[in-house]
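Undergrad: what would the 3D arrangement of this be:
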Amino acid sequence: MFYSAYKTSLRLYLKPDSLPRSTQYLFIGFIITLTLIIRLTTIDVPHLDRTSWKEIDYIMISKNFQENGYNFFHPEISWPVGPPQRVACEAPIVPFLAGTLYPMLGFNAFSVRLVTLFSFLLFSIYVFRLVKHESGPIVGLLAAATSSLIPLFHPFGKYLFSEPLMLAMSVFGLFHFAQWV
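TA: You can find the predicted model right below:
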């Protein structure tokens, strides 16, 4: 008896109309705003001169895009012992985008890590939309909260890497493919 009552109440909460649309937007807005505030206050930790080697490589590639012309198909990296050299890069779109921000915003932790910040915000929004589409709004809000709040203090969510943008674009693509199907 208890199990059937639990199952019935669970079905009511997982229905697509279990939360009004305005309440859904209020909750997702709160999650995104909280994530944005926490990420902006900690965007300069660690400092750019004390970061990981991979982010330093991405920073050097993005600076070379800015200084040596924005040739997307020929990313270059600078080493202390010689001139810039071409480098293989799995997704040069991330350092390219970061390099285009430097003339507008200057070279600082905000302009370097803005692409990653935008990627995680986009990721959280589309996780919500995808899970809401598949399982309902309450599960979608829980998934959005989990995907945006749990990796807040992990370096993967802060550093200038190509993976956060690739993850965001993957969820973006999955959502639109699910809409199409």
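
Undergrad: run the chain-centre distance for the helix or strand hosting Ser78.
TA: Assigned by DSSP states H and E, Ser78 belongs to strand 76-79. From the chain centre to the centre of strand 76-79 is a distance of 26 Å (Cα atoms, centre = their mean, to the nearest Å).

Undergrad: direction included, what does it pair up with?
TA: On the basis of DSSP bridges, the sheet neighbours of strand 76-79 come out as strand 82-86 (antiparallel).

Undergrad: thinking again about what came up before, what does the strand holding Ser78 rub up against?
TA: By Cβ atoms under 8 Å, 6 or more residues apart in numbering, the list of residues contacting strand 76-79 from outside reads 57, 60-61, 63-65, 68, 84-87. (C-beta placed from N, C-alpha, C; glycine too.)

Undergrad: model confidence over the biggest helix by length in the chain, on average?
TA: Criterion DSSP state H: the longest helix present in the chain is helix 109-135. For helix 109-135, mean pLDDT is 92.

Undergrad: report the buried residues of that helix.
TA: Along helix 109-135, these residues count as buried under the neighbour rule (16 or more other Cβ atoms under 10 Å): 109, 111-117, 119-132.

Undergrad: stretch 47-65 now?
TA: So, applying 16+ other Cβ under 10 Å, buried residues of stretch 47-65: 51, 55-65.

Undergrad: what do you get for stretch 174-181?
TA: By 16+ other Cβ under 10 Å, the buried positions in stretch 174-181 come out as Phe175.

Undergrad: how many neighbouring residues does Pro83 have?
TA: Per other Cβ atoms under 10 Å, the neighbour tally for Pro83 reads 8.

Undergrad: need the contact list for it.
TA: No contacts exist for Pro83 under Cβ under 8 Å, 6+ apart.
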